[in-house]
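1. Pasted the sequence and its predicted model underneath.
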Amino acid sequence: MIKTLAKNIGEYKKDALLTPFFVTLEVILDIIIPVLMAMIIDQGISAKNQSSIVSIGIALIVCALFALLFGMLSGRYGAIASAGFAKNLRKKMFGNIQEFSFSNIDRFSTSSLVTRLTTDVSNVQNSFQMIIRILVRSPLMFIFSLFMAFQLNRELAMIFLYAIPFLAIGLGLIVKFAHPTFEKVFKIYDRLNQVVQENLQGIRVVKSYVREEHEVTKFKTVSQLIYKTFSKAERIVAFNGPLMQFTMYTCMLLISWIGAQLIVGSTMTTGELMSMFMYVMQILNSLNMMSMVFVMLIISRPSAERIVAVINEESDLTNPSKPMTEIRDGSVEFKDVNFSYSDNEDKLVLTKSSFRIESGQTVGVIGGTGSGKTTLVQLIPRLYDVTSGSVQVGGLDVRNYDIAALRDAVAMVLQNNVLFSGTIKENLRWGNPEATDQELYEACRLAQADEFITKLPNGYDTYIEQGGTNVSGGQKQRLTIARALLKHPKILILDDSTSAVDTKTDALIQQAFLETIPNTTKFIIAQRVSSIEKADQIIVMENGEINGIGTHEELLSSNKIYQEVNQSQVKGFGEANE
Ligand SMILES: Nc1ncnc2c1ncn2[C@@H]1O[C@H](COP(=O)(O)OP(=O)(O)OP(=O)(O)O)[C@@H](O)[C@H]1O
């Protein structure tokens with residue numbers, strides 16, 4: 001874990017090293033100061049030597065000023081190093097997430113990834129800063145002060161050595177009990193993020209179903225759970241304070257008691273006892289600081305583990321060693337494909353699916369909800385890998401292609417496709433950043449989007465709000481189809497992408513496809529028979545199996561499910577027109 005994290009310090013290594021360097025200089029000066037103080041008292045004040053007071057006094061001021069300067073410099077470099085480290089961690093995680101397959105993302109969940117990128121990184125950032133500053137300063141201070149204390153008086157200094165094992169046991173117990181509780185807290189943070197994300201994304205549905213109160217209760221429950229678990233963890237950690245105080249005061253009492261006897265017995269000077277007290281304060285202070293950093297480390301260890309899990313997660317989908325980048329044509333063949341979303345092969349979502357589509361054909365896919373239509377087409381651009389069997393594109397297994405090249409050749413308009421905040425033109429150019437304005441207009445004409453766009457006050461420069469909330473469902477679908485067309489794909493997959501478009505426009509889109517992109521293989525998942533009846537082949541899905549393949553006419557005469565679907569839609573249409 002430490003190795004993975006350390007690699008991400010990257011270009012901030014210099015700042016991360018300068019911080020402890022300046023901390024060390026500051027500590028050295030802090031150690032010298034009590035020596036000078038003792039000298040002022042013993043050689044200056046007690047000996048009534050004015051010139052000693054002045055010269056040692058000046059040395060004292062210089063030391064204090066330099067200690068201040070080094071303290072400031074260590075603070076500055078520490079802040080740069082820790083903020084830079086956090087930036088690198090976020091960058092690394094985000095970059096790796098972009099490589100994730102859908103199944104990797106399913107495994108982590110989006111809300112958990114958000115917590116990891118935000119809260120967890122902030123925790124690790126704070127701890128890192130504490131490590132390079134306080135965790136360097138405190139042990140150094142502790143060792144130097146203890147050394148000096150031993151030089152002054154062995155007997156008094158021994159008191160600390162007895163205190164250390166006592167403290168170590170106490171802190172060990174705190175870590176043992178607090179760590180699992182903090183782990184729990186971060187898992188609940190994931191849930192909180194999920195509740196907030198879901199609520200904000202679906203705020204329209206929440207409002208239209210008047211579910212605000214239900215949502216508030218849901219939020220309150222999770223936030224109450226965070227409060228409870230966090231306070232439980234903090235209660236355990238809070239033992240740290242009394243433990244430290246108890247040790248500190250016991251040490252002080254013993255030192256005062258024994259120190260006073262030593263002065264009375266004339267084995268120690270007043271100046272020596274005074275600098276002894278300063279070292280005592282520094283030792284106790286450094287122990288206190290170390291225990292505070294310790295607490296911070298307890299809190300951030302689960303965070304660090306969660307970050308490392310994202311950084312080390314390897315995508316389930318990887319490029320082959322010698323990937324093919326040329327996709328010959330848009331032919332598609334499924335050979336005995338079995339597919340399961342989990343590792344459990346008993347839970348197959350697709351079973352023994354086989355079919356062949358020639359390049360340029362139009363394929364309709366129809367079937368009940370959950371019958372496996374989306375799953376089937378997602379295997380073509382290799383959004384998931386088959387569990388067994390093979391999916392071939394252009395005569396070659398999809399696993400032999402360079403993933404980016406394959407996905408460039410296969411454009412997929414998903415069921416819930418997303419538009420991003422930006423102008424219509426910017427959104428369309430996601431499909432092809434080099435596309436000329438003319439190409440944009442052409443793609444939009446094909447997708448029947450041109451007409452409504454030109455009617456907008458700013459036309460193609462109209463700003464689309466986040467998530468495409470300022471365009472209608474049907475308009476959004478047409479824009480996402482145009483965006484896919486701009487890729488000039490060899491295979492175009494529309495997953496129920498015209499469901500919000502009226503039948504007439506839908507027919508116009510189908511017609512435009514036939515006339516304008518005849519060489520592109522088109523997969524059209526649809527609920528309406530009218531959307532696919534002209535297809536060269538129609539695949540009927542039922543419970544994860546291919547129930548029938550054929551043209552509209554062939555299926556009408558041979559496939560029971562297709563007959564029923566067609567019948568119900570013709571009847572429904574007839575009744576609607578009565
Ligand atoms: N990411 C996923 N993880 C686990 N199971 C999934 C996932 N996506 C879909 N499924 C399951 O796979 C089955 C097939 O789903 P799929 O989305 O392919 O059906 P569909 O025919 O496209 O349905 P619809 O018409 O409602 O979109 C369903 O039982 C669904 O619950």
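-> Arrived safely. Residues are numbered from 1 along each chain as shown.

2. quick one, helices of the stretch 51-200 of the chain?
-> Secondary structure of the stretch 51-200 of the chain (DSSP state H, counting those that start in this stretch): helices located at 102-108, 110-115, 121-152, 154-201.

3. Out of those helices, which one sits most buried?
-> Comparing the helices of the stretch 51-200 of the chain by mean neighbour count (mean count of other Cβ atoms under 10 Å), helix 121-152 comes out on top with a mean of 20. The C-beta positions use only the backbone N, C-alpha and C, and glycine is treated the same way.

4. Give the other helices and strands that that one contacts.
-> On a contact count with 3 or more Cβ pairs under 8 Å, 6 or more residues apart in numbering; DSSP states H and E, helix 121-152 meets helix 13-39, helix 50-99, helix 154-201, helix 270-312.

5. what number of residues lie near Gln438?
-> Using other Cβ atoms under 10 Å, Gln438 has 8 neighbouring residues.

6. Throw the helices and strands packed on helix 121-152 into CSV and include distance to the ligand, thanks.
-> Output for these, formatted as CSV (distance: least, Cβ to the nearest ligand atom, whole Å):
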stretch, distance to the ligand
helix 13-39, 41
helix 50-99, 17
helix 154-201, 16
helix 270-312, 19
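
7. Contacts only, for the spatially most central residue of the chain.
-> The residue lying closest to the centre of the chain (Cα atoms, centre = their mean) is Leu113, at 3.3 Å. Contact analysis of Leu113 by Cβ atoms under 8 Å, 6 or more residues apart in numbering lists Met93, Ile97, Ile105, Val310.

8. Please name the residues that touch the third one.
-> Same thing as Ile105. Contacts of Ile105 (Cβ under 8 Å, 6+ apart): Ile97, Leu113.

9. coming back round to it: the residue nearest to the centre of the chain and the ligand, how far apart?
-> With distances taken as Cβ to the nearest ligand atom, to the nearest Å, Leu113 is found 15 Å from the ligand.

10. same question, Gly544
-> Per Cβ to the nearest ligand atom, Gly544 is found 7 Å from the ligand.

11. Need the pLDDT of that residue.
-> pLDDT recorded at Gly544 is 90.

12. ditto for Ala576
-> 44.

13. And for Leu29?
-> Note on Leu29: pLDDT of 92.

14. Spatially, which residue comes closest to it, not counting chain neighbours?
-> Among residues not flanking Leu29 along the chain, Ala67 sits closest, at 4.0 Å (Cβ to Cβ, 6 or more residues apart in numbering).

15. Kindly report the same for Thr325.
-> In this structure, Thr325 finds its nearest non-sequential neighbour in Ala405, 4.3 Å apart by Cβ to Cβ, 6+ apart.

16. hang on, the earlier thing: hang on, the residue nearest to Leu29 packs against Glu26?
-> Yes: in this structure, Ala67 is within contact of Glu26 by Cβ atoms under 8 Å, at 5.2 Å.

17. the more surrounded of those two?
-> Comparing Ala67 with Glu26 by other Cβ under 10 Å, the one with more neighbours is Glu26, at 25 against 19.

18. how deep is the residue nearest to the more buried one when sequence neighbours are not counted tucked in, by neighbour count?
-> What sits nearest to Glu26 in space, not counting adjacent residues and going by Cβ to Cβ, 6+ apart, is Phe70, at 4.0 Å. Neighbour count for Phe70, taken as other Cβ under 10 Å: 20.

19. Correct me if wrong: Phe70 contacts Pro20.
-> No: under the criterion of Cβ under 8 Å, Phe70 is not in contact with Pro20, lying 11.3 Å apart.

20. and the closest residue to the ligand within the stretch 101-250 of the chain, what does it touch?
-> Using Cβ to the nearest ligand atom, the single residue of the stretch 101-250 of the chain nearest to the ligand is Asp106, 5.2 Å away. Asp106 makes contacts with Tyr341, as judged by Cβ under 8 Å, 6+ apart.

21. and what of the one 4 residues further on?
-> With contacts taken as Cβ under 8 Å, 6+ apart, Thr110 has the following neighbours: Gln194, Gln197.

22. gap between it and Leu456?
-> Using Cβ to Cβ, to the nearest Å, Thr110 is found at 31 Å from Leu456.

23. cool, and Glu313?
-> Per Cβ to Cβ, Glu313 is found 42 Å from Leu456.

24. Read off the pLDDT value for the residue nearest to Leu29.
-> 93.

25. The ligand contacts on the stretch 401-550 of the chain?
-> Applying Cβ under 6 Å from any ligand atom, we find that the stretch 401-550 of the chain lies next to the ligand at Gln415.

26. any idea where the helices of the stretch 401-550 of the chain begin and end?
-> Assigned by DSSP H, counting those that start in this stretch, the helices in the stretch 401-550 of the chain fall at 403-409, 424-428, 437-446, 450-455, 473-485, 503-516.

27. Go through these and pick out the most buried.
-> For the helices of the stretch 401-550 of the chain, the largest average neighbour count (mean count of other Cβ under 10 Å) is found in helix 473-485, namely a mean of 24.
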